[in-house]
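1. structure of the sequence below:
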Amino acid sequence: DGVKTNNASTQPQRKFWIRHSRILRSSWRPAAIQYLLEMLQSSNISVDEAANALELPGGSQEAEALSQIEDPTKLRWKAAEISRSLQDASSRMGKVTPELEQVLDQYSALRRNFPASADHKILTDKELLQRPQEKTSPLSYGDVLLRSRYEVKKKPQVEWMIRQIEDVIQSHPGERPLQIVDIGGGKGYLANAIAQHFGSEIVNVRVIDISFGAIMMGKKRANRSSIDNIRFDKVDAATVDLAGSVDIVVSLHGCGVLTDVAIGHAISSGAAFVVCPCCFRSNPSLKVTAPFPVASAVASDQERNIQQKNQLLSASDWLNIDFGDHEKLKKLAEIQGDINLSSKAIHTICALRAQAAKTRVIPRLDDRNRLEINIKTFPISLSTRNFCIVGKLCRT
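-> A predicted model of the protein is given here:
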């Protein structure tokens, strides 16, 4: 508004005073959304402006409700949920070519064959505080509201996994205690929770991890909690022999091909599984232990003898997918800024894994059990890698 002449130059310099600014649209990034929500709570931004910037479907009324949230954990979860709604092709980070989109279209029928069902129950703060303190439960939160990254993100995922594993245990026809193997869970977050939650009469847990440091950390956690139905082994999951020693295989955020390794071990051993994938481009050189495919629902004795000689497969061969198409799907699964696109790619990879498991299932000797395979999702507010593949053994 004003013009000032600088003595060192004949060119005038303009100065502008900003009297008013308005946020038209928020970034999709959760940290930016959380900051905007904190501004809303401190009345540094109006309810109407927040509603418009966040494109809230409930408008000002929803923004008003958000301004009343006191718990930082709930605020983080809300920020993650709003982030998803703000993501689309315009916010996408990375180029998606028609060839990449074509691969997704190619597997649309497979996604329909293995739909992803949402299981989004997580405990509210009120439920956490009302939960009785039990010495045997690793999931008792006591009087402490969720605060740390582990408590905000990891612990609710462990809680969710426990519920899925409980369902698999209840339907499992095997004698108790069931033998559970956690692939790549050396730090013990999930394994210790399983061992302590179900107890030694129901389960024995074995943790397999190639990292010595992770194994030692998991052991220390188990010792602090006096858990006696768990063991930790520094072993390469890709080469370990689990034949006849496992009833259920679990893995929480198995990096890349490690997820395929976990499912391969389960199928090779006739075991159930609960596996949550992550980091789709990691561990590409790992080999998957897998039996030969079974053409019919019931295998002959000769087929069973052949299948006892498992094969080591690349991830692409295990999934029965062209290597190039597999690479394209993994690239799409890691796309940032367009959660709908990346979720579709993740769903596709999970469906391929479910199909691979179904194709290679070995009927148990009594032929009275069937493996029921489903894909589930937990709340995306906990992780964008929120898919889980569940193989449940059921009596026919």
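
2. and the longest helix for this protein?
-> Counting residues, the longest helix found in the chain (DSSP state H) is helix 339-359.

3. in the helix or strand following it, what counts as buried?
-> Note on helix 339-359: by DSSP states H and E, the next helix or strand toward the C-terminus is strand 369-377. Under the neighbour-count criterion of 16 or more other CB atoms under 10 Å, strand 369-377 has 369, 371, 373-377 buried. Bear in mind the C-beta positions are built from the backbone N, C-alpha and C, glycine included.

4. on that earlier part again, quick one: the longest helix of the chain to strand 369-377, angle?
-> When axes from the mean of the first three to the mean of the last three CA atoms, to 10 degrees is applied, the directions of helix 339-359 and strand 369-377 differ by 170 degrees.

5. Gly244 touches Ser269, doesn't it?
-> Yes - under the contact definition of CB atoms under 8 Å, Gly244 touches Ser269, with a separation of 7.0 Å.

6. more crowded one of those two?
-> Ser269 (24 against 8; other CB atoms under 10 Å).

7. one step back: report the buried residues of the longest helix of the chain.
-> Going by 16+ other CB under 10 Å, helix 339-359 has these buried residues: 339, 341-359.

8. show me the contact partners of stretch 37-56.
-> 22-26, 33, 36, 58-60, 62-64, 66-67, 69, 75, 78-79, 82, 85-86 (CB atoms under 8 Å, 6 or more residues apart in numbering).

9. what ranges do the strands span in this structure?
-> 2-5, 12-15, 116-118, 178-183, 203-209, 230-234, 248-255, 272-278, 288-290, 311-313, 369-377, 387-395 (DSSP state E).

10. dump the second one to CSV, keeping only the CA atoms.
-> What that stands for is strand 12-15. Provided in CSV are the C-alpha atoms of strand 12-15 (Å, rounded to 0.1, in the frame of the first residue of the first chain):
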residue,chain,number,x,y,z
PRO,A,12,10.7,2.1,-5.4
GLN,A,13,10.2,-0.9,-3.0
ARG,A,14,6.7,-1.9,-2.1
LYS,A,15,5.7,-3.1,1.3
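
11. how far off centre is it?
-> Relative to its chain's centre, strand 12-15 lies at 55 Å (CA atoms, centre = their mean, to the nearest Å).

12. so what strands line up beside it?
-> strand 2-5 (antiparallel) (DSSP bridges).

13. just the pLDDT at Pro379, thanks.
-> Note on Pro379: pLDDT of 89.

14. not counting its neighbours along the chain, what's nearest it?
-> Leaving aside its sequence neighbours, Pro379 sits nearest to His120 (CB to CB, 6 or more residues apart in numbering; 4.7 Å).

15. if I pick that neighbour, what's in contact with it?
-> With contact set as CB under 8 Å, 6+ apart, His120 has these partners: 377-379.

16. quick check, nearest of those residues to Glu327?
-> Nearest to Glu327, judged by CB to CB, of the contacts of His120 is Thr377 at 24.1 Å.

17. so who does the closest one touch?
-> The contact partners of Thr377, taken as CB under 8 Å, 6+ apart, are 116-120, 386-388.

18. switch the cut-off to 10 Å
-> 116-120, 160, 276, 343, 346-347, 350, 386-388 (CB atoms under 10 Å, 6 or more residues apart in numbering).

19. hang on, the earlier thing: of all the strands of the chain, which one is nearest Gly94?
-> Of those, nearest to Gly94 by CB to CB is strand 272-278, at 18.6 Å.

20. what is the neighbour count of the nearest residue to Leu352 once chain neighbours are set aside?
-> Excluding the flanking residues, the one nearest Leu352 by CB to CB, 6+ apart is Leu319, at 4.5 Å. By other CB under 10 Å, 21 other residues sit near Leu319.

21. and Leu319, what is it in contact with?
-> Contacts of Leu319 (CB under 10 Å, 6+ apart): 260, 288, 313, 325-326, 329, 349, 351-353, 355-356, 359.

22. any idea how far Thr259 is from it?
-> Leu319 is 11 Å from Thr259, where distance means CB to CB, to the nearest Å.

23. common neighbours of these two, please.
-> 288, 349, 353.

24. what's near enough to touch the first one?
-> By that I understand Val288. Contacts of Val288 (CB under 10 Å, 6+ apart): 238, 257-265, 267-268, 310-319, 356.

25. ok, now Val103?
-> Val103 sits in contact with 321-322, 324-329, 331-332, 345, 348, where contact means CB under 10 Å, 6+ apart.

26. let's go with 7 Å and repeat that
-> 325, 328-329 (CB atoms under 7 Å, 6 or more residues apart in numbering).

27. ok, now Ala271?
-> Ala271 sits next to 246-249 when contact means CB under 7 Å, 6+ apart.

28. same question for Val168.
-> Neighbour list for Val168: 248, 272, 274, 390, 392 [criterion: CB under 7 Å, 6+ apart].

29. could I have the buried ones of the residues you listed as PyMOL selection syntax?
-> Buried residues among those (16+ other CB under 10 Å), as a PyMOL selection:
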select buried, resi 248+272+274+390+392
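
30. output the contacts of Val168 as a markdown table; include the columns pLDDT and distance to Phe292.
-> Formatted as a markdown table, the contacts of Val168 follow (pLDDT from 0 to 100; distance: CB to CB, whole Å):
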| residue | pLDDT | distance to Phe292 |
| --- | --- | --- |
| Ile248 | 97 | 23 |
| Ala272 | 95 | 21 |
| Val274 | 98 | 25 |
| Val390 | 98 | 24 |
| Lys392 | 95 | 23 |
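
31. biggest separation within the contacts of Val168, which pair?
-> Among those, Ile248 and Val390 lie farthest apart (CB to CB), at 10.5 Å.

32. what about Arg84, neighbour count?
-> 16.

33. verify the contact between it and Ser383 for me.
-> No - using CB atoms under 7 Å, Arg84 is not in contact with Ser383; the gap is 11.9 Å.
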